[in-house]
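Chemist: this one's structure only:
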């Protein structure tokens, strides 16, 4: 469920920029989704995979005690930092953040689908909102980025 909460927070953050800072809507929502859904969600993923590795592995439906969890933790930490730094750096920095995050989450989504198909793994962090956001978020980010640079 947490991806839904982060998306809702991004929408609120975007609306706040529009109404209080008079930011153009597409730019406001792009920044909001980068900071919240890449940045904060990346930090959230880091804390889960690093400090609660075995519990998160069980929720995903994977074996516990695997050092792979720490690797995923630091991948999420790097996404988190890129997303948060997007508050201060824009333009090509946003593009790099979007592309690196998109590659990671699309591949994670692919792995989740393979787990569902091959092992019938329908655990809470393998299927449902996590899977849908892994697939859809990059389209939202890339679409908003293209719209902003095209001046729409």
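Modeler: It's in. The structure presented is a predicted model; accordingly, all values stated were derived computationally and were not measured.
Chemist: list the buried residues of the one helix or strand residue 17 maps to.
Modeler: Secondary structure assignment for residue 17, by DSSP states H and E: helix 2-20. For helix 2-20, a neighbour-count test (16 or more other C-beta atoms under 10 Å) marks 3, 6, 7, 9, 10, 13, 14, 17, 18 as buried. Bear in mind the C-beta positions are built from the backbone N, C-alpha and C, glycine included.
Chemist: pLDDT-wise, what's the bottom of the residues you listed?
Modeler: Within the set of the buried residues of helix 2-20, pLDDT is lowest for residue 3 (92).
Chemist: shouldn't that residue be in contact with residue 129?
Modeler: Yes - with contact taken as C-beta atoms under 8 Å, residue 3 and residue 129 are classed as touching, separated by 4.7 Å.
Chemist: okay, strands next: where are they in the protein?
Modeler: Here the chain has no strands by DSSP state E.
Chemist: packing partners of the helix or strand of the chain with the lowest mean pLDDT?
Modeler: Lowest by mean pLDDT, DSSP states H and E among the helices and strands of the chain is helix 53-60, with a mean of 94. When contacts are defined as 3 or more C-beta pairs under 8 Å, 6 or more residues apart in numbering; DSSP states H and E, helix 53-60 sits against helix 41-51, helix 68-85.
Chemist: now mean neighbour count too, for these, in TSV please.
Modeler: As requested, the helices and strands packed on helix 53-60 are exported to TSV (neighbours: other C-beta atoms under 10 Å):
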stretch	mean neighbour count
helix 41-51	19
helix 68-85	18
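Chemist: of all the ones you listed, which one is nearest residue 108?
Modeler: helix 68-85 (8.6 Å; C-beta to C-beta).
Chemist: what's the closest one in contact with?
Modeler: Helix 68-85 is contacted by residues 34-46, 48-50, 53-54, 56-57, 93, 96-97, 100-101, 104 when judged by C-beta atoms under 8 Å, 6 or more residues apart in numbering.
Chemist: can you check stretch 35-52 too?
Modeler: Under the contact criterion C-beta under 8 Å, 6+ apart, stretch 35-52 has outside partners 2-3, 6-7, 9-10, 13, 55-56, 69-70, 72-74, 76-87, 97-98, 101, 133, 137, 141.
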